[in-house]
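> Give me a model of this one.
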Amino acid sequence: MLKLHRVSKTLITSAAFAVAAQSLVAAPTRVGDFALLDSDGEFHQLSRYGDKEALVLMAFDASCASMQAQLEQFSELQAAWQDRDVAFGVINSGPNSDLAAARSAKESSMIEMPLWLDDGQLVTRTLGLTKAGEVAIVDPSRLNELYTGGMSAVSASLEAQLQGEESAVVAEVKGCDLAFPTLDSLAASAPDYATEVAPIIIEQCATCHREGGIGPFAMDSHLMLQGWSPMIREVLLTKRMPPMQVDPSIGHFSNARYLPVEQLETLVSWIDAGAPRGAAALDPLSDIEFPDPKSWQLGEPDYIVKAPAMEIPATGVLDYINVDIDLPFEEDKWVKSVQFIAGDQTVLHHLLTYVTAPNENFTGGESSSSAIGGRFLEGYAPGKADAMTFPEDTGVLIPAGHKLSMQFHYTTNGKATVDETVLGLYLYDEPPKHENFTQPVATIFRIPPFAKDHNVKAAYTFKEDVVITGLRAHMHYRGKDMKFTAETPDGKMTDLLSVPNYSYAWQPTFQLEDPMRLPAGTKVHVTGSFDNSEQNPANPDPSKELTFGLQSWDEMFIGYWTYHEATPSN
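Okay, here's the model as predicted:
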């Protein structure tokens, strides 16, 4: 059967193709933006292909007997069109669409190109793909679907797109039917708001999306959720929210904001059903009680550091502000946990805190391309407002007589304000076994104007046995991705963390659930790339050549490795 829901009934003729197809006047359908990781860990977002004339996607299901022949046909199409500003991708669209299924397909030599992983089949369903081997042609600039059908008519449709026409040949698809067991079940009976949807919002979203939170709107009622549902659907399908930047197939982290596929399916299916209120008398979101964001999450700290009041003007560019704060400690102290409470989080872009000697002239932090190591205490950044506890039996030493050196970065927002940030220190009663250190790994770079995928790498060699406990990626607005890899002296390479879709708005230190011991001589690598193109929506000026700089519209490339020295027992 031909798919007629995207085309009119006006027939046109086409003698150019000897295929069992009909020529129809196409009506482009808006599909909205979406993003998928592939089996190699690369991030693909539809709108990021805006420099291409079209993106051609094929549905893949390893269980379909005709899949190999369809893959060969698709590869021939890709070879014919790849030099004409047309991009291609294969979506793992079957019910088993996870990484394990993709790796199995590659190991069986069924497919060589990476598979785009559509966990939950939500992108496949959004594109209207119903058969293995079916193809969708999408306009990345307008986020419109131009064609859905068999491969024999793809070239005709692409030619029409390149010529600015809105017509295409639609060809029959002879592949296997795709099964959507979970989505079909959810479509038949929409998830219940009170018992299925609201609990997910409370667990995953409402901590930030509340009155006084860092989210742009409060999810405090069904009405608010329903009103924002189109935006919620988009940020879920583009993986902007929750702010899960981490590739879940590499490493495991106690504070990564993963959204289980079952919850994703529930939320999107509920939105697609019209975000119904349901029959429950009470609205669970209206009864949520959150602690005061200005309160101490771990109880009253052992010592509170009050930073000087900072007067922030309404407009202008502010230099970094370095402040030394004396401490009254006459004996060594060990810090177990830290919490920052920003005075005005709307202007405090980030804050770094170091332990420094009495006469040390602090000019480090992120004020140089090499950064500094040593006794980094902790930092505040967007999305990193919770109290932070160091790994078990690990802490930061504050030697007697030492001070704190704090580096503030403010951005103006059109309203004059005063920031009075405080820092709570929770101390050990007895010294822990290990001292916590942070090693920045950075390099110099030069990013050309309009460079879409500019690669950068840096490395550092540990001279002693260490245990890695946390990792943090830091770039600015052009940051695209970053990966952390350890190369042990025997030559073995192990990926510890991959951030395939870096966001400047979220810079947590990812805490390894299982800290990794590295022998002396291990070389750690930080690799990544910048997107200085017009397709990067965060890019303030793609025409600018970039090097290291302090302001957000400049750039940095620093991978932070948090560790402690290893002992024979660990």
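
> Walk me through the domains of this structure.
For the chain, the structural domains run 7-179, 185-287, 303-435, 439-565, going by automatic domain parsing.

> mind checking which of those is nearest S295?
domain 303-435 (8.3 Å; CB to CB). The way it works is simple: take the backbone N, C-alpha and C, and place the C-beta from them, glycine included.

> Now do the buried residues in stretch 57-70.
By neighbour count on 16 or more other CB atoms under 10 Å, the buried set for stretch 57-70 is 57-62, 64, 67, 70.

> Looking at the residues you listed, which is nearest S221?
Looking at the buried residues of stretch 57-70 and their distance to S221, the nearest is L57, at 37.3 Å (CB to CB).

> The residue most central in space within the chain and F290, how far apart?
In the chain, the residue lying closest to the centroid (CA atoms, centre = their mean) is Q245, at 2.6 Å. Taking CB to CB, to the nearest Å as the measure, Q245 falls 24 Å from F290.

> between the buried residues of stretch 57-70, which is closest to L518?
Proximity to L518 was ranked across the buried residues of stretch 57-70 by CB to CB; first place goes to A62, at 37.1 Å.

> Please name the nearest non-neighbouring residue to that closest one.
A105 (4.5 Å; CB to CB, 6 or more residues apart in numbering).

> Look at that neighbour and give its secondary structure.
Secondary structure state of A105, per DSSP: H, G, I helix; E, B strand; the rest coil, is helix.

> and it, how many neighbours?
Counted with other CB atoms under 10 Å, the neighbours of A105 add up to 23.

> Verify the stated contact: it with E112.
No: A105 is beyond contact range of E112, at 10.1 Å (criterion: CB atoms under 8 Å).

> Reformat the domains of the chain as JSON lines; add mean pLDDT.
Converted to JSON lines, the domains of the chain look like this (pLDDT from 0 to 100):
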{"stretch": "domain 7-179", "mean pLDDT": "83"}
{"stretch": "domain 185-287", "mean pLDDT": "91"}
{"stretch": "domain 303-435", "mean pLDDT": "86"}
{"stretch": "domain 439-565", "mean pLDDT": "94"}
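
> any idea how far the closest residue to E435 other than its chain neighbours lies from A87?
Here the nearest residue to E435 in space, its sequence neighbours aside, is L397; by CB to CB, 6+ apart that works out to 5.2 Å. Counting by CB to CB, the separation of L397 from A87 is 52 Å.

> For the stretch 151-300 of the chain, which segments count as helices?
In the stretch 151-300 of the chain, the helices defined using DSSP state H, counting those that start in this stretch lie at 154-162, 181-188, 198-204, 222-227, 229-237, 261-272.

> Just put those in JSON lines and tack on mean neighbour count and distance to L423.
Output for the helices of the stretch 151-300 of the chain, formatted as JSON lines (neighbours: other CB atoms under 10 Å; distance: least, CB to CB, whole Å):
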{"stretch": "helix 154-162", "mean neighbour count": "20", "distance to L423": "56"}
{"stretch": "helix 181-188", "mean neighbour count": "13", "distance to L423": "46"}
{"stretch": "helix 198-204", "mean neighbour count": "18", "distance to L423": "28"}
{"stretch": "helix 222-227", "mean neighbour count": "18", "distance to L423": "34"}
{"stretch": "helix 229-237", "mean neighbour count": "17", "distance to L423": "32"}
{"stretch": "helix 261-272", "mean neighbour count": "20", "distance to L423": "35"}
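
> Redo the ones you listed as CSV? Include distance to D531.
Conversion of the helices of the stretch 151-300 of the chain to CSV gives the following (distance: least, CB to CB, whole Å):
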stretch, distance to D531
helix 154-162, 25
helix 181-188, 32
helix 198-204, 27
helix 222-227, 32
helix 229-237, 19
helix 261-272, 25
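
> quick one, which of the ones you listed is nearest to P540?
Here helix 229-237 is closest among those (CB to CB), at 21.4 Å.

> who does that closest one touch, helix- and strand-wise?
Judged by 3 or more CB pairs under 8 Å, 6 or more residues apart in numbering; DSSP states H and E, the packing partners of helix 229-237 are helix 122-126, helix 261-272.

> Kindly recompute the last result at 6 Å.
helix 261-272 (3 or more CB pairs under 6 Å, 6 or more residues apart in numbering; DSSP states H and E).

> quick check: angle from the helix it packs on to helix 181-188?
Counting by axes from the mean of the first three to the mean of the last three CA atoms, to 10 degrees, helix 261-272 lies at 30 degrees to helix 181-188.

> helices or strands next to helix 261-272 in the packing?
Here helix 261-272 touches helix 229-237, going by 3+ CB pairs under 6 Å, 6+ apart.

> how distant is the helix it packs on from the center of its chain?
Put simply, helix 229-237 sits 15 Å off its chain's centre (CA atoms, centre = their mean, to the nearest Å).

> Other residues contacting that helix?
Identification of contacts with helix 229-237 by CB atoms under 6 Å, 6 or more residues apart in numbering yields 32-34, 241, 268, 271, 275.

> repeat that for 7 Å
Residues outside helix 229-237 that contact it (CB atoms under 7 Å, 6 or more residues apart in numbering) are 32-35, 122-123, 241, 264, 267-268, 271, 275.

> which SS class is the nearest residue to H252 once chain neighbours are set aside?
Distance criterion CB to CB, 6+ apart; nearest residue to H252, sequence neighbours excluded, is E513 at 4.5 Å. Classification of E513 using three-state DSSP returns strand.

> distance of E513 from G251?
According to CB to CB, E513 stands 8 Å off from G251.

> Ok, L143 next?
On the measure of CB to CB, L143 and G251 end up 33 Å apart.

> Where do the strands of the stretch 301-450 of the chain begin and end?
Here the stretch 301-450 of the chain has its strands, by DSSP state E, counting those that start in this stretch, at 303-306, 310-312, 321-325, 333-341, 348-356, 376-380, 388-389, 394-398, 403-410, 417-419, 422-427, 434-435, 437-442.

> Dump those strands into TSV; add distance to A451 as well.
Output for the strands of the stretch 301-450 of the chain, formatted as TSV (distance: least, CB to CB, whole Å):
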stretch	distance to A451
strand 303-306	42
strand 310-312	33
strand 321-325	32
strand 333-341	35
strand 348-356	25
strand 376-380	29
strand 388-389	35
strand 394-398	38
strand 403-410	25
strand 417-419	35
strand 422-427	39
strand 434-435	40
strand 437-442	19
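
> Tell me which of these lies nearest to V170.
V170 sits nearest to strand 348-356 of all the strands of the stretch 301-450 of the chain, at 51.0 Å, using CB to CB.
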